[in-house]
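Enquirer: coordinates for the following, if possible.
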Amino acid sequence: MMEVTLTCEECGSGIHVIPNAEATVAKCDVCNKEASVHFTAEHEEGILKQCPCCERKDFYSQKDFNRKIGVALFVIAAILSIWTYGISFIVLYVMDLILFKKLGQIAICYKCNTIFRNVSNIKDIHGFNHEMNDRIVYSDHDFDGKQLEHH
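Expert: Numbers count the residues shown, from 1 in each chain. Coordinates of the predicted model:
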């Protein structure tokens with residue numbers, strides 16, 4: 001079953017939702033602000049084709065790992081490298097390799113950064129594309145779910 005995490009526009013907290021075609025709003029547990037959602041039967045089945053929040057079709061996939069934790073681990077390894085002569089980086093590399101093998105993929109909406117877990121069609125979603133991200137975020141370009149290709 002797909003899990004959706006959208007970001008509250010008011011306080012920035014994560015709003016965790018299980019798709020339900022009858023639901024029209026998701027309520028933040030922290031500030032009680034309601035966000036409009038439009039789930040379909042496909043969402044209930046775990047198929048991601050359109051974002052239930054912004055109704056865009058542009059997504060990217062990545063490993064389900066918190067970036068802040070990754071940066072913190074790197075900083076710790078860098079500080080410890082003074083006394084470990086760089087061995088802490090090898091330990092960090094091994095930890096990263098283990099996590100890379102164990103963690104699953106998630107999909108993220110380019111436009112509103114909504115996170116989707118347990119997506120059944122995750123293999124159809126491409127990885128992050130910097131140019132697509134810039135065009136969507138800065139000029140509101142809509143790729144309508146098509147991957148940007150350069151020839």
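Enquirer: tell me the domain boundaries of this structure?
Expert: 1-64+104-151, 66-103 (automatic domain parsing).
Enquirer: now the first one: how far from the chain's centre is it?
Expert: Spelled out, it's domain 1-64+104-151. Taking CA atoms, centre = their mean, to the nearest Å, the mean C-alpha location of domain 1-64+104-151 is offset from the chain mean by 7 Å.
Enquirer: next: the shortest one.
Expert: The chain centre lies 22 Å from the centre of domain 66-103; the measure is CA atoms, centre = their mean.
Enquirer: mean neighbour count added to the domains of the chain, as a markdown table?
Expert: Where C-beta positions appear, they are placed from N, C-alpha and C, glycine not excepted. Shown next, in a markdown table, are these (neighbours: other CB atoms under 10 Å):
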| stretch | mean neighbour count |
| --- | --- |
| domain 1-64+104-151 | 15 |
| domain 66-103 | 12 |
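Enquirer: would you turn the ones you listed into CSV with mean pLDDT?
Expert: Formatted as CSV, the domains of the chain follow (pLDDT from 0 to 100):
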stretch, mean pLDDT
domain 1-64+104-151, 93
domain 66-103, 94
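Enquirer: just the strands in the protein please.
Expert: Counting by DSSP state E, the chain has strands at residues 3-7, 14-17, 25-27, 34-36, 59-63, 105-109, 115-117.
Enquirer: looking at the ones you listed, which is nearest to Asp96?
Expert: Across these, Asp96 has its closest neighbour in strand 59-63 (10.2 Å, CB to CB).
Enquirer: now the angle from the closest one to strand 105-109?
Expert: 150 degrees (axes from the mean of the first three to the mean of the last three CA atoms, to 10 degrees).
Enquirer: surely Val30 and Ser13 touch.
Expert: Yes. At 4.4 Å, Val30 counts as touching Ser13 under the criterion of CB atoms under 8 Å.
Enquirer: what are the ranges of the helices in the chain?
Expert: Under the criterion DSSP state H, the chain contains helices at 41-44, 67-84, 87-102, 130-139.
Enquirer: could the ones you listed be laid out in JSON lines, adding distance to Phe116?
Expert: Formatted as JSON lines, these follow (distance: least, CB to CB, whole Å):
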{"stretch": "helix 41-44", "distance to Phe116": "9"}
{"stretch": "helix 67-84", "distance to Phe116": "17"}
{"stretch": "helix 87-102", "distance to Phe116": "19"}
{"stretch": "helix 130-139", "distance to Phe116": "17"}
